[in-house]
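> Mind looking at a prediction? Sequence and model below.
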Amino acid sequence: MSTTEAINQTVLGSRRPSNILMAVLISTGGIGFLLTSLSSYLGRDLLPVGHPAALFFVPQGLIMGGYGIAAVLLSTYLWIVIGIDVGSGFNCFDKKSNTITIERRGFRELISFSIPCADVQAVKVEVRDGLNPRRRLALKLRGRRDLPLTRVGEPIALAELEQGGAELARYLGVPLEGV
């Protein structure tokens, strides 16, 4: 790779299969709870399984309705986050223009900023295992906090993380830390 080329990295946002599966499951469960509540209120089975009409509306039907409303509200939030694709974006490292551009999609606006390549002290690889694992790639900046580059959520494979960090450090001409 010559030094005139730029490195462009896409960052996966909230449109991941795991998030979509979770939204589908919560939506289905919420609708099921609401139908169970409505069945107990009307005295007719609105679901093909079980006999929710046999439940007393007070207190079982009301509680089921509360759970259903909570689940539908949560799933609505999840579907909005997936639709907007919060967290998606790109990282662009361009030595020709001597800038690093980071762009991410937020809830209401596009978050974008640029920093000069000279502000980068090192490329940092963070690996923390355990109950709350973290595997991320970050830029160590002069006089500022570390700037994370990788997606949030699912941990990246260690080999992929190290390879990406080494390539980026080589391109920017800075050391690789944390390996």
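Structure's in. What do you need?
> Enumerate every residue touching the residue of the chain positioned farthest from its centre.
Using Cα atoms, centre = their mean, the residue of the chain lying farthest from its centre is residue 43. It sits 42.1 Å away. Residues near residue 43 by Cβ atoms under 8 Å, 6 or more residues apart in numbering: residue 53. (Each C-beta comes from the backbone N, C-alpha and C, glycine too.)
> can you do 10 Å?
Remark: with contacts taken as Cβ atoms under 10 Å, 6 or more residues apart in numbering, residue 43 is in contact with 53, 54, 55, 57.
> which among those residues end up buried?
Using 16 or more other Cβ atoms under 10 Å as the burial test, these include 53, 55, 57 as buried.
> Among the residues you listed, which are located in helices?
The helices in this structure, assigned by DSSP state H, contain none of the buried ones among the contacts of residue 43.
> ok, of the contacts of residue 43, which one's closest to residue 126?
residue 55 (50.5 Å; Cβ to Cβ).
> so which strand or helix has residue 78?
helix 62-84 (DSSP states H and E).
> For residue 1, give me the pLDDT.
In this model, residue 1 is scored at 45, pLDDT.
> I'd say residue 124 and residue 135 touch.
No - the pair residue 124 / residue 135 is not scored as a contact, 11.9 Å apart, by Cβ atoms under 10 Å.
> residues in contact with stretch 156-166?
7, 9, 122-127, 129, 135-138, 149-150, 155, 176-179.
> Name the residue in residue 124 and residue 135 with the higher neighbour count.
Using other Cβ atoms under 10 Å, the more surrounded residue of residue 124 and residue 135 is residue 124, with 22 against 18.
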